[in-house]
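S.K.: Quick one, structure for this:
(chains A and B)
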Amino acid sequence: MRCLIVEDNEMAREGLKFFLADHAEIEVAVNGREAVTQFQLALSQQKPFDLVLLDIIMPEMDGQQALKLIRFAEQHDQAPDRKKAVIIMTTALNSPENMEEALWEGDCTDYLVKPIVRADLMAMLRRYGLI
Amino acid sequence: MVKKSSNWKLHPDAALMVAVIALLLALAAATVAAAPAQPVTERARMTPSTHALSEEYRDHRETIWIVACALLLQSAAIMLLMRSAKSRRQADRLLRESEERFRMLAENSQTGIYIVDQMETIRYVNRTIVEIFGYSQEEMIGMSFGSLICQEHLPCVVENFKNRLAGLPASSHYELRGRHRNGSQIDIEMFEAVSRTSGVPSIIGTVLDISARKRNERNTQQQQVDLEEMNHTLEQRIADEVESSREKDRLMMQQSRFAAMGEMIGNIAHQWRQPLNMLGIVIQQMQMEQEKGQLTPEVMEERVGKGMELLLYLSRTIDDFRNFFRPGIEPRPFSLAKAVDKTVNFFEPSCSGHGIKVTVEGKCSLMYTGHVNEFSQALLNILNNARDALLEKGFREPRILVSLHDKGCRGVVTVRDNAGGIAPEVIDKIFDPYFTTKEEGKGTGVGLYMAKTIIERHMQGSIYVKNYQDGAEFTIIV
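M.R.: This next block holds a predicted model:
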């Protein structure tokens, strides 16, 4: 499984990396813009990501905007039969409006509220057949 | 008015003398009885002395009759009619004519005129009285005078009436309530006098309808009472208004505090969520490392150190927030520059996550004596406003620049953003209470109003806003 961790906080980023180290080949991005670039690059190199852990509040480009661009990139991909990536939003903003916007407008797969509990993350990955 | 007969050429001195006699009689009657509406008609037989006659009459030296009538009118004007007569017969005719003329005058007078006999029976009324009381002239003649007077005033009027006829002192001028034919009460003013025409004493009087005047008087009196009452309560009402205004300010201050607290709680949640997340990761990492046999004493020490560092950070954060909101009791000197730094430190985390760059530049040496928390709150409200404008409009490279400098003995803080500025049509209203351009539910319209209240009223400073380049610029001077 290929995973892209998008998180501006270094410690949180390293923690997630540690959680998933045994299950995935991991790449990291520190903001939305980097994430979109890396996602497009991976698509063009035929090495798409299966999982994206996407933080919402980030400088330069936030998670919601990045989500829309990532989905847009998937739609315009040369291989239309390719499975869409599982995108899990990670957020400190536990408000229904944020989640609703992310789920219905941005078309994310699911979301996790910080602090992230490893067991919850693993259960979610199992549910989506990633581990 | 002196009128000369066309046939008789009376010497002006003689005519004047007769006129004066009649006038004096009228005045005497008016003074004694205080009844100015009473006409006095007198005949005077006189032989003009030589000096009173003109050359033309000096040779005749005959007796002439002068008929003079004087009427003191309501307005203190005097009507005087005078004729001279050659004989008693002519004088009688002239007298009849004169009486007829006076009857016509009485009939057409705007003042009500009446004559009442000794039995209190009405003997004469003019047309105006008929209009005042609503009866016909025929109905009134023979009526008891008392039936025109309201019950409460009747005894006094009757007593005066009797006294006057008996030659005893009595009031001749009344203001009282009369009774209209339809039963309603009317305000009237009366003058009375005794007349002894033909030897029979009777009362001659005038009546004025003063209902309108009384109504006006009552209205004026009521207005006076109201005015006095208003003056009396004015001070209290001003005090109430001032208190109510203060209460409103307190309420708004409280609302603003709540709004700021809500904002701060959001900031705390944001500031805590990350370290909490990291703390959670550290703890879970330790568990994983233990499972994998990687939890060496060194790793353990590193993880515990990291965990404790995060815990202390959380503890410090909560202390800082608590101090920030603790209301200051006594004004204390504080450094404006430090207050700005502290406020920006609180504010900055709510921006960094959104990529908004917040910078502070410049120096200020002002030590201000006041409540530092209030100043911080005012500045925070302005900063929040700038951040919300940037988030709402989604500008590229959003930034907020806070700069400070000394200006004489005062300190100046400016907050500048690049959110496109404030629309000219609303820029004058942004400090108004409850004015907001934010979406419903997002803005209360309290923040900038409170900032202005704190800076201008509590700190005797000034605050204003203008558009500058690509954004708005707020300036605080304290």
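
S.K.: What is the least confident helix or strand in chain B?
M.R.: strand B:39-46 (a mean of 48; mean pLDDT, DSSP states H and E).

S.K.: Around chain B, pick out the residues from chain A.
M.R.: A:8-9, A:11-12, A:14-16, A:18-19, A:31, A:57-62, A:92-93, A:114-118 (C-beta under 8 Å from any C-beta of the partner chain). C-betas here are computed from N, CA, C, even on glycine.

S.K.: what do you get if the cut-off is 6 Å, keeping everything else the same?
M.R.: Contact residues, chain A versus chain B (C-beta under 6 Å from any C-beta of the partner chain): A:9, A:11-12, A:15, A:18, A:57, A:59-60, A:92, A:114-115, A:118.

S.K.: what two of those are the furthest from one another?
M.R.: Among those, the pair separated by the greatest distance (C-beta to C-beta) is A:Glu60 and A:Arg118, at 28.1 Å.

S.K.: and those two? which has more neighbours close in?
M.R.: With neighbours defined as other C-beta atoms under 10 Å in any protein chain shown, A:Glu60 and A:Arg118 compare such that A:Arg118 has more, 19 against 16.

S.K.: B:Gln285 is in contact with the more buried one, correct?
M.R.: No - with contacts counted by C-beta atoms under 6 Å, A:Arg118 stays clear of B:Gln285, the gap being 8.8 Å.

S.K.: contacting residues around the nearest residue to A:Val28 once chain neighbours are set aside?
M.R.: With C-beta to C-beta, 6 or more residues apart in numbering or on different chains as the measure, A:Ile5 is the residue that lies nearest to A:Val28, at 4.9 Å, once sequence neighbours are left out. Residues in contact with A:Ile5, defined by C-beta atoms under 6 Å, 6 or more residues apart in numbering or on different chains, are A:13, A:16, A:28, A:53.

S.K.: What remains of the residues you listed if I keep only buried residues?
M.R.: When burial is judged by neighbour count using 16 or more other C-beta atoms under 10 Å in any protein chain shown, the buried members of the contacts of A:Ile5 are A:13, A:16, A:28, A:53.

S.K.: Shouldn't the first one be within a helix?
M.R.: The reference is to A:Arg13. Yes - according to DSSP: H, G, I helix; E, B strand; the rest coil, the state of A:Arg13 is that of a helix.

S.K.: dump the residue contacts of it.
M.R.: With the criterion set at C-beta under 6 Å, 6+ apart, A:Arg13 makes contact with A:5, A:7, A:28.

S.K.: For B:Arg123, the count of nearby residues, please.
M.R.: 16.

S.K.: brain fart, B:Val299
M.R.: Using other C-beta under 10 Å, B:Val299 is surrounded by 14 other residues.

S.K.: Quick check: it is in a helix.
M.R.: Yes - for B:Val299, which was evaluated using three-state DSSP, the result is membership in a helix.

S.K.: And the strands in chain A?
M.R.: Counting by DSSP state E, chain A has these strands, from start to end: A:2-6, A:25-29, A:51-55, A:86-91, A:110-113.

S.K.: got any ranges where the chain has weak pLDDT?
M.R.: In the absence of a named chain, chain A is used. Scanning chain A for pLDDT under 70 picks out A:93-106.

S.K.: Please refer instead to chain B.
M.R.: Across chain B, the ranges flagged by pLDDT under 70 are B:1-88, B:197-198, B:260, B:263-264, B:267, B:270-271, B:320-329, B:438-445.

S.K.: How is it divided into domains?
M.R.: As assigned by automatic domain parsing, chain B contains the domains B:12-106, B:112-209, B:230-326, B:329-478.

S.K.: Please name whichever of those is nearest to B:Glu217.
M.R.: Comparing the domains of chain B by C-beta to C-beta, domain B:112-209 comes nearest, at 9.1 Å.

S.K.: what's the first-to-last distance across the closest one?
M.R.: Chord length of domain B:112-209, first to last residue, is 8 Å (C-alpha to C-alpha, to the nearest Å).

S.K.: Check the offset of it from the chain's centre.
M.R.: Going by C-alpha atoms, centre = their mean, to the nearest Å, the spacing between the C-alpha centre of domain B:112-209 and its chain's C-alpha centre is 45 Å.

S.K.: where do the helices sit along chain A?
M.R.: Ranges of helices in chain A, per DSSP state H, are A:10-20, A:32-44, A:63-75, A:96-100, A:118-127.

S.K.: List of residues touching stretch B:390-397?
M.R.: Surrounding stretch B:390-397, the residues in contact under the criterion C-beta under 6 Å, 6+ apart are B:356, B:398, B:419-420.

S.K.: For chain B, what lies in contact range of chain A?
M.R.: Taking C-beta under 6 Å from any C-beta as the criterion, chain B approaches chain A at residues B:273-274, B:276-278, B:280-281, B:284-285, B:353, B:355.

S.K.: residue nearest the centroid of chain A?
M.R.: A:Val52 (2.4 Å; C-alpha atoms, centre = their mean).

S.K.: List the strands paired with the strand ranked longest in chain B, with their directions.
M.R.: Secondary structure of chain B read by DSSP E shows that its longest strand is strand B:185-195. Within its sheet, and counting by DSSP bridges, strand B:185-195 is paired with strand B:173-179 (antiparallel), strand B:202-209 (antiparallel).

S.K.: And those: which comes nearest B:Ala378?
M.R.: B:Ala378 lies closest to strand B:173-179 among these, at 68.2 Å (C-beta to C-beta).

S.K.: which parts of that closest one are buried?
M.R.: Neighbour-count burial for strand B:173-179, counted by 16+ other C-beta under 10 Å, picks out B:174, B:176-179.

S.K.: possible to save these as CSV with distance to B:Leu404?
M.R.: Output for the buried residues of strand B:173-179, formatted as CSV (distance: C-beta to C-beta, whole Å):
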residue, distance to B:Leu404
B:Tyr174, 85
B:Leu176, 83
B:Arg177, 81
B:Gly178, 85
B:Arg179, 87
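
S.K.: what's the closest of these to chain A?
M.R.: Ranked by distance to chain A (C-beta to the nearest C-beta), the buried residues of strand B:173-179 are led by B:Arg177 at 78.1 Å.

S.K.: Just the element for B:Gln303, please.
M.R.: Just to correct that, residue B:303 is Arg rather than Gln. Using DSSP states H and E, B:Arg303 sits within helix B:297-325.

S.K.: on contacts alone, who are the packing partners of that helix?
M.R.: Helices and strands touching helix B:297-325, as assessed by 3 or more C-beta pairs under 6 Å, 6 or more residues apart in numbering or on different chains; DSSP states H and E, comprise helix B:211-291.

S.K.: between the helix it packs on and helix B:297-325, how many degrees?
M.R.: When axes from the mean of the first three to the mean of the last three C-alpha atoms, to 10 degrees is applied, the directions of helix B:211-291 and helix B:297-325 differ by 170 degrees.

S.K.: Which other helices and strands does helix B:211-291 contact?
M.R.: Contact analysis of helix B:211-291 by 3+ C-beta pairs under 6 Å, 6+ apart lists helix A:10-20, strand B:185-195, helix B:297-325 as its packing neighbours.
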